[in-house]
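*Asks:* got a predicted structure here, sequence first:
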Amino acid sequence: MNAVRMSALTAVGFLLGWLSITPAQAAHVNVIELDNEIISPVTQQYIEDAVNRSETDGSVCLVLLLDTPGGLLESTRGIVKRLMNAKVPVVVYVAPSGSRAGSAGVFITLAAHVAAMAPSTNIGAAHPVTVEGGGPVRKLIKRIKRSAESESKQKGRDTEEEIVEEESRDPMSQKIINDTVAWVATIAKARGRNEEWAKRAVTESVSATETEAVTERIVDLIAADLPDLLTQIDGRRVELAGVAVELHTAGAEIVTLAMSARQQFLAVITNPNIAYLLMLLGTLGLIFEFTHPGIGFPGIAGLICLLLALYAFQTLPVSYAAIALIVLGIGLLIAEIKIVSHGLLAIGGVISLTLGSLMLFESPYPQLDVSLGVIVPTVATLSAIILFVLQRALRAQAARVTTGAQGLVGEIGVASSKLDPEGTVFVHGELWNASSARPIAKGEKIRVIQVDSLRLVVDKL
């Protein structure tokens, strides 16, 4: 009997031990993906958060599926710094087929502990791009060149090569390039990759296919897909803070780390098209509020849109000269209503608004430009709305003045809020700001005794 009990207890003990050990033994790999994403402060935060989580949740490694045309230099520096100091192996995989690791993607790939590429992918053209850009006029010229079939493209020249050639004559750009060359060389050296090719990727914007990248010691291997990648790197040893670590990725569970809700929201509003629309919608809301005082909602919505646009502009290579042109254009449209110019001010406003929209973001990447498909209908619609709203507002003001400047004097209304001495009243079908010499409770009837610009002076009926 005792033997049976001992056997049963032993079996239970083994079962409990197995249940407690199994979850800890289940290896997993964290995976994040940048699918044709511009490297920006939002993507930087996404990658850094993924590294932080992978360092603490027992992940075998962090795999970054990368497809990017490039991005902002400062954001790239932040990402590389985090990868170089990561306490978990980081694998950068340029995938799926047809993807690229352009510009900023080169630095990120070189900084990985293991670098891999899928078939039919490419890497290179690492010429640096800063937030300062190249000036609004040159930016507009580049935009026009990109929109047309340029002679250089017909000859097979790459847009990135043209930028390198042009900016090589700029002393400030040359300083940035020299600094970037030294930086990329240290990254390549630390990871045992081809330093000379890395330097040429910055200075000459050279690129390489996946097979060339392996031959040139730019990346470590070619993998058909993610499972193939995990199989190939299984048993590979990488160095973390001077200590060799062996990867055990075969059969590991794949855990996809998505952007947080906050990061997804920021990614939306920092889209150049969305940021542009937020700025114009905010401006339109304020104009509507100023021409229809007392409503409140357009002004509040306008301020929110403008604040969101300002946040987005902090993360984008914005040209403040372009913003000035947009503001000038809106000002000219407003002036057209008040000054007889036979349409000249309106035409100037539309031209200024269009030029400012085209020059708004200073970057060689089309992904960081406002789309022409957004600019044209937006400028046309905004111009029409501004002219319509202001005309209606002026007509309404003119209609009230039936007996000189005192057209509303004597009208009866209702106090929409308490007046002590200021508040709002509802008169002639509209909400007005008003003041009274004596307190008036909300809901009491009032009479207009004086009109002071856009404010009424009233008294209790």
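*Replies:* On my side now, so go ahead. Note that the structure is a prediction, hence the values are computed from the model and not measured.
*Asks:* got the domain boundaries for this structure?
*Replies:* Split into domains by automatic domain parsing, the chain comes to 20-135+157-263, 270-400, 412-460.
*Asks:* hmm, residue 303 is touching residue 286, no?
*Replies:* Yes: the pair residue 303 / residue 286 is scored as a contact, 7.3 Å apart, by CB atoms under 8 Å. All C-beta spots, glycine's among them, are computed from the backbone N, C-alpha and C.
*Asks:* neighbour count winner among the two?
*Replies:* residue 286 (17 against 14; other CB atoms under 10 Å).
*Asks:* contact partners for the more buried one?
*Replies:* Residues in contact with residue 286 (CB atoms under 8 Å, 6 or more residues apart in numbering) are 298-299, 302-303, 306.
*Asks:* now, among the residues you listed, which is nearest to residue 65?
*Replies:* residue 306 (35.9 Å; CB to CB).
*Asks:* isn't that closest one right up against residue 275?
*Replies:* No: checked against CB under 8 Å, the pair residue 306 and residue 275 is beyond contact range at 10.9 Å.
*Asks:* what about these two, which has more around it?
*Replies:* Neighbours per residue (other CB under 10 Å) separate residue 306 from residue 275, with residue 275 holding more: 23 against 18.
*Asks:* now stretch 355-370 - C-alpha only, PDB.
*Replies:* Extracted in PDB, the C-alpha atoms of stretch 355-370 (Å, rounded to 0.1, in the frame of the first residue of the first chain):
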ATOM      1  CA  LEU A 355       3.200  76.900 -53.900                       C
ATOM      2  CA  GLY A 356       3.200  76.700 -50.100                       C
ATOM      3  CA  SER A 357       1.600  73.300 -50.300                       C
ATOM      4  CA  LEU A 358       4.100  72.000 -52.800                       C
ATOM      5  CA  MET A 359       7.000  73.200 -50.700                       C
ATOM      6  CA  LEU A 360       5.700  72.200 -47.300                       C
ATOM      7  CA  PHE A 361       8.000  69.300 -46.600                       C
ATOM      8  CA  GLU A 362      11.700  69.300 -47.500                       C
ATOM      9  CA  SER A 363      12.700  65.800 -48.400                       C
ATOM     10  CA  PRO A 364      13.900  63.800 -51.500                       C
ATOM     11  CA  TYR A 365      11.400  61.100 -50.600                       C
ATOM     12  CA  PRO A 366       8.000  61.300 -52.300                       C
ATOM     13  CA  GLN A 367       6.500  59.600 -49.200                       C
ATOM     14  CA  LEU A 368       7.300  62.800 -47.300                       C
ATOM     15  CA  ASP A 369       5.600  65.100 -49.800                       C
ATOM     16  CA  VAL A 370       2.000  66.100 -49.800                       C
END
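*Asks:* list the buried residues for that stretch?
*Replies:* Across stretch 355-370, burial judged by 16 or more other CB atoms under 10 Å covers 355-365, 367-370.
*Asks:* out of the contacts of residue 286, which sit inside helices?
*Replies:* Assigned to helices by DSSP state H, the following of the contacts of residue 286 qualify: 298-299, 302-303, 306.
*Asks:* which one of the residues you listed is nearest to residue 241?
*Replies:* residue 306 (46.1 Å).
*Asks:* contacting residues around that closest one?
*Replies:* Counting by CB under 8 Å, 6+ apart, residue 306 makes contact with 278-279, 282-283, 286.
*Asks:* give the contact list for the residue sitting nearest the centre point of the chain.
*Replies:* Residue closest to the average C-alpha location in the chain (CA atoms, centre = their mean): residue 270, at 2.5 Å. By CB under 8 Å, 6+ apart, residue 270 lies in contact with 40-42, 311-312, 315-316.
*Asks:* please pick the buried ones from these.
*Replies:* 40-42, 312, 315-316.
*Asks:* which one of those is nearest to residue 445?
*Replies:* residue 312 (47.8 Å).
*Asks:* ok, the closest one touching residue 274?
*Replies:* Yes: at 7.3 Å, residue 312 counts as touching residue 274 under the criterion of CB under 8 Å.
*Asks:* flag the shaky bits of this structure, pLDDT-wise.
*Replies:* 1-26, 129-172, 292-295, 337, 340, 364-365, 390, 393-407 (pLDDT under 70).
*Asks:* show me where the stretch 251-400 of the chain has helices.
*Replies:* 261-269, 272-291, 297-314, 320-338, 344-358, 372-400 (DSSP state H, counting those that start in this stretch).
*Asks:* cool, the stretch 51-200 of the chain as well?
*Replies:* Using DSSP H, counting those that start in this stretch, helices in the stretch 51-200 of the chain cover 73-84, 104-111, 136-147, 151-154, 159-167, 171-190, 195-203.
*Asks:* that older thread, now, among the contacts of residue 286, which is nearest to residue 205?
*Replies:* residue 306 (37.9 Å).
*Asks:* now residue 238, nearest residue through space, not along the chain?
*Replies:* Excluding the flanking residues, the one nearest residue 238 by CB to CB, 6 or more residues apart in numbering is residue 113, at 4.2 Å.
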